[in-house]
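A.B. asks: Give me a model of this one.
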Amino acid sequence: MAQAGSWPSIRSHGLLCTSALLDRFEVKGAEREGVECKHRPECVEITHPVHGRVVIRDQKPMSEKALLKCLVGTTPREWYVLLNSRVFFWVNEHRVSTLLGARAYKDHEHDVLTIDARSLLERYVTRIALCPINSGSTVYNPQPRGLDLFRPLDSYPYETRRKYGKNAVAELTIDHSVPDLRDFVIKVERRRGQEVHRTLYEAR
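C.D. replies: Reported below is the predicted structural model:
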């Protein structure tokens, strides 16, 4: 789920984490600190004379007050830096639909990319880490979290997590970027809430 209008940039440059975008757009100093190391209540637009304009998504589902209560062995700053160092994929349609229907996003358009997960896993297996919860949300009984929440495939506690429900994994994450994401894209749709307004791309 990406900001509406993001697909052309993702197709050309891949999917970059927030920190990678800040590097590419040469954002430094206090401006970078505010985006990368603190809570973002609203989207942030950054520009560059060569690379143009991108919008870095907000972190509205995360409350600083609630985050302080559920962090284990780390600080809010370290947590934000960790989240901003990875790119995130939902592992099922239900989670995408839930976020699209959330109060903060249901009235806005988004570009929703469907990915061939098997091919992505085969190419990026050494850089993938799985997460059992929505790491960017502290809404509705926030779960404890620390820097060890993201685990590689070979050490992920599948059986332990299955006792919380049939979906043992909430997020698939990759460190830094997926520069060749276009190779794995099956479909791109422009959605508003639960409605598909149009298909922007479909693999043949």
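A.B. asks: In contact with residue 149, which residues?
C.D. replies: Each residue near residue 149 by CB atoms under 8 Å, 6 or more residues apart in numbering is listed here: 131, 132, 133, 135. C-beta: built from backbone N, CA, C; applies to glycine.
A.B. asks: Let me know how buried the nearest residue to the first one once chain neighbours are set aside is, in neighbour terms.
C.D. replies: Translated: residue 131. Nearest residue to residue 131, sequence neighbours excluded (CB to CB, 6 or more residues apart in numbering): residue 171, at 4.1 Å. When neighbours are counted by other CB atoms under 10 Å, residue 171 registers 20.
A.B. asks: Can you list the low-confidence ranges for this structure?
C.D. replies: Under the criterion pLDDT under 70, the flagged ranges of the chain are 163-166.
A.B. asks: so where do the helices sit in it?
C.D. replies: Ranges of helices in the chain, per DSSP state H, are 7-13, 18-24, 29-36, 64-70, 76-83, 93-100, 117-124, 158-162.
A.B. asks: Quick check on the contacts of residue 149: which are buried?
C.D. replies: Applying a neighbour-count criterion of 16 or more other CB atoms under 10 Å, the buried members of the contacts of residue 149 are 131, 132, 133, 135.
A.B. asks: which one of those residues is nearest residue 167?
C.D. replies: Nearest to residue 167 among the buried ones among the contacts of residue 149: residue 132, at 9.0 Å, using CB to CB.
A.B. asks: Surely residue 200 and residue 185 touch.
C.D. replies: No. Counting by CB atoms under 8 Å, residue 200 stays clear of residue 185, with 10.1 Å between them.
A.B. asks: picking that back up, partner residues bridging the residue nearest to residue 131?
C.D. replies: residue 90, residue 131 (DSSP bridges).
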